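1. turn this into a structure:
(one chain, ligands or ions: 3)
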Amino acid sequence: MAGVVEELVKKAGGCAVIDGGFATQLEALGADINDPLWSAACLITKPHLIKEVHMQYLEAGADVIISSSYQATIPGFLARGLLLEEAEGLLRTSVQLALEARDEFWKSTLRKSKPVYNRALVAASIGSYGAYLADGSEYSGSYGDDVTAEKLKDFHRRRLQVLATAGPDLIAFEAIPNKMEAQALVELLEEEDIQVPSWICFSSVDGKHLCSGESFGDCLQILNASEKVAIVGVNCTPPQFVEGIIREFKQQTKKAIAVYPNSGEVWDGRAKRWLPVECFGRKSFDVMARRWQEAGASLVGGCCRTTPSTIRAVSKALKSRNDQ
Ligand SMILES: C[S+](C)CC[C@H](N)C(=O)O
Ligand SMILES: N[C@@H](CCS)C(=O)O
Ligand SMILES: [Zn+2]
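-> Numbers count the residues shown, from 1 in each chain. Ligands and ions are numbered 1, 2, ... in the order given. The predicted structure follows:
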């Protein structure tokens, strides 16, 4: 584990808390994210809401907050009519807003007599190529025959460079749905010699494979070989699968494991809405978070359709255990 993460996990008593659904909470605050840029549209239209969401997750007890750049891509911003410098500026803004929220929150916490929080880390989010396509392929892993690892590296390269130099503590590659993209990211981290420690989290729809149907074990072998990857895990995956996934990861890797599942609802990529298939709320997350820690996760949080109240419950469950 990278030093900075190791220190945080230790301070958090063995399991650090990641924030919850970022886009979900932006919507709850009134943002319209029905947009090809999804939550990243708010970098243009409503940056104050982005900071507000970060503040709410910090207040809820998050030890790690994830920036608003999941679907912020240079081609996406160019298609919106922005200039290259503007697009790169918005990527930097996404990290800046999270850093500002972290620093302001930490300053206000230090003024309180009994600190119950840790100084949070900021992870710069990088969503998959499928997230950019906005066609549901981040949950199928099917990018078509013309997409190669080289093409994926070229897609990710400049955004990674810009975000890595914007001052985050971590880079968070989120909801990676297939092996080719995992391989491309590991190669890119080496080629660009990125010094900021990374996590790479996969998405899964069946709890046994990546969304593409490929094996976790094969992908973990690729990640295990890279010193640039500090943490591996799953996100935006139904929570009922997470305990089994942690147990499988434990057999396949020595790296720290992060899990931050969604609520169990399923994204309909065509209709662009969540289907309430089986929805787990904060009460279930409270119980499950303890089991995930016992199974070996070092970082636990929530993804889409989880909220600050979910994260408050997770934080309470994990931190109260440490006080015993
Ligand atoms: C994590 S999914 C719900 C993100 C949204 C998707 N990439 C889209 O733009 O439709
Ligand atoms: N960090 C992103 C991940 C979406 S899958 C969010 O929470 O909106
Ligand atoms: Zn998600």
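2. and residue 119, how many neighbours does it have?
-> The burial metric for residue 119, expressed as a neighbour count using other CB atoms under 10 Å, is 16. Where C-beta positions appear, they are placed from N, C-alpha and C, glycine not excepted.
3. doesn't residue 99 make contact with it?
-> No - the criterion here is CB atoms under 8 Å, and residue 119 misses it with residue 99 at 11.7 Å.
4. let me know the secondary structure of the residue nearest to residue 263 when sequence neighbours are not counted.
-> Excluding its sequence neighbours, the residue lying closest to residue 263 (CB to CB, 6 or more residues apart in numbering) is residue 305, at 3.6 Å. On the three-state scheme (DSSP: H, G, I helix; E, B strand; the rest coil), residue 305 is labelled coil.
5. what packs against the helix or strand where residue 107 lies?
-> If you go by DSSP states H and E, residue 107 is part of helix 84-110. With contacts defined as 3 or more CB pairs under 8 Å, 6 or more residues apart in numbering; DSSP states H and E, the packing partners of helix 84-110 are helix 41-45, helix 47-60, strand 64-66, helix 74-79, strand 121-127, helix 149-164.
6. wait, which of those is closest to residue 267?
-> Nearest to residue 267 among the helices and strands packed on helix 84-110 is strand 121-127; the distance by CB to CB comes to 12.9 Å.
7. quick check: next helix or strand after that closest one?
-> Counting by DSSP H and E, what follows strand 121-127 is helix 129-133.
8. show me what from the protein comes close to ligand 1.
-> By CB under 6 Å from any ligand atom, the residues of the chain that approach ligand 1 are 38, 71, 131, 134, 138, 236, 267, 269, 272, 304.
9. ok, and which of the residues you listed reach ligand 2?
-> The subset of those within reach of ligand 2, by CB under 6 Å from any ligand atom, is 236, 304.
10. what residue in the stretch 51-200 of the chain comes nearest to ligand 3?
-> Proximity of the stretch 51-200 of the chain to ligand 3 (CB to the ion) peaks at residue 175, 6.1 Å away.
11. thinking again about what came up before, what subset of the residues of the chain next to ligand 1 is buried?
-> 38, 71, 131, 134, 138, 236, 267, 269, 304 (16 or more other CB atoms under 10 Å).
12. go through those residues and say which is closest to ligand 1.
-> Relative to ligand 1, the closest of these is residue 134; by CB to the nearest ligand atom it sits at 3.3 Å.
13. residue 73 versus that closest one, what's the distance?
-> 10 Å (CB to CB, to the nearest Å).
14. now residue 32
-> For residue 32, the distance to residue 73 - CB to CB - is 19 Å.
15. from the chain's centroid, how far away is stretch 80-92?
-> In this view, stretch 80-92 has its centroid 22 Å away from the chain centroid, taken as CA atoms, centre = their mean, to the nearest Å.
16. begin at 564 from now on, thanks
-> Got it, the first residue is 564 from now on, which makes the last one we talked about stretch 643-655.
17. outside of that stretch itself, list whatever touches it.
-> 599-600, 603, 606-607, 632, 635, 637, 640-641, 721-722, 725-726, 729 (CB atoms under 8 Å, 6 or more residues apart in numbering).
18. apply 10 Å and report the result again.
-> 598-600, 603-604, 606-607, 610, 630-632, 635-642, 659, 687, 689, 721-726, 728-730 (CB atoms under 10 Å, 6 or more residues apart in numbering).
19. hang on, the earlier thing: burial of the nearest residue to the residue of the stretch 614-763 of the chain closest to ligand 3 once chain neighbours are set aside, as a residue count?
-> Spatially, and ignoring its direct neighbours in sequence, residue 738 is nearest to residue 766 (4.0 Å; CB to CB, 6+ apart). Using other CB under 10 Å, residue 766 has 26 neighbouring residues.
20. tell me, what's touching residue 682 and residue 662 both at once?
-> In contact with both residue 682 and residue 662: residue 732, using CB under 10 Å, 6+ apart.
21. list the contacts for the residue lying closest to residue 619 once chain neighbours are set aside?
-> Closest residue to residue 619 apart from its sequence neighbours, by CB to CB, 6+ apart: residue 871 at 4.6 Å. By CB under 10 Å, 6+ apart, the residues touching residue 871 are 582-584, 587-588, 591, 616, 618-625, 845, 865, 878.
22. drop anything exposed from the residues you listed.
-> 582-584, 587-588, 616, 618-621, 623-625, 845, 865, 878.
23. nearest to residue 762 among those?
-> Set against residue 762, the nearest of the buried ones among the contacts of residue 871 by CB to CB is residue 582 (13.5 Å).
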